[in-house]
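Engineer: The sequence and its predicted three-dimensional model are supplied below.
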Amino acid sequence: MAVQINPSILSADFARLADEAEAVKGADWLHVDVMDNHFVPNLTLGVPIVESLSRATDTPLDCHLMIEDPDRWAPQYVEAGAGSVTFHAEAAAAPVRLAREIRAKGARASMALKPATPIEPYEDLLPELDMLLIMTVEPGFGGQAFLDIMLPKIRRTRELISRHGLQMWLQVDGGVSAETIERCAEAGADVFVAGSAVYGTEDPAATVRALRAQAERVTAGAAWACGH
Ligand SMILES: O=C(CO)[C@@H](O)[C@H](O)COP(=O)(O)O
């Protein structure tokens, strides 16, 4: 599988979401940050906006639920048109049941880990998932500095994925930019969320292409990338 770049609309103009989706045409997915002001100290958008956005763009939606009670809400995001739904390990009451429900409804199932949450307790759960998201900032806000101390966790997660012979994707989110993307790719990430580094530039679509080329140069020789 090739490297994927998913611009985060948290850094976009919320009054012009359809245009902002068009501005990153060529991106692999549009990353939609759903925040409830409980799981994280910020509030963004919910099911009706995801539903409208999925009708307004051809780019598939990668919904990252930073919310409490994802067991109740995640299936509704699949019904709203999300192609991938990520719930947080720290918030899900029954992650295996939830992942199976998301898949059964036709979307990719993904689980996210906050910076302080280790991957090891979730090793046996990996086959239930299509993607694992490692947060490289504390969730809640765009424009934060990348946490370098997450690199060993990315590396360990890639090793676990390889050891289990899984084809799942490994996403990183937070502070991903031209300065940090190569370190993430070297550690084993293959799906990159970037908000301010994309929407903060004059030509967001060109920035997506440049970030992808940068990460591809690093992953081209990686053993885990062969046969993706
Ligand atoms: O989930 C989040 C923040 O909680 C992210 O998706 C941010 O939106 C990424 O923004 P940048 O760090 O790339 O500016």
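Structural biologist: Thanks, I have it.

Engineer: My reading is that residue 122 lies in a helix. Confirm?
Structural biologist: Yes - following the definition DSSP: H, G, I helix; E, B strand; the rest coil, residue 122 is counted among the residues of a helix.

Engineer: Tell me how many other residues crowd it.
Structural biologist: For residue 122, the tally of surrounding residues (other C-beta atoms under 10 Å) stands at 18. For every residue, glycine as well, the C-beta is placed using N, CA and C.

Engineer: Not counting its neighbours along the chain, what's nearest it?
Structural biologist: Ranked by C-beta to C-beta, 6 or more residues apart in numbering and with sequence neighbours excluded, the top spatial neighbour of residue 122 is residue 89, at 6.1 Å.

Engineer: same deal with residue 105?
Structural biologist: Computed as C-beta to C-beta, 6+ apart, the closest residue to residue 105 that is not its neighbour in sequence is residue 78, at 4.2 Å.

Engineer: That neighbour and residue 29, how far apart?
Structural biologist: Spatial separation of residue 78 from residue 29 under the definition C-beta to C-beta, to the nearest Å is 15 Å.

Engineer: which helix of the chain spans the most residues?
Structural biologist: helix 204-219 (DSSP state H).

Engineer: and that one, does that touch the ligand?
Structural biologist: No - under the criterion of C-beta under 6 Å from any ligand atom, helix 204-219 makes no contact with the ligand; the nearest approach is 10.7 Å.
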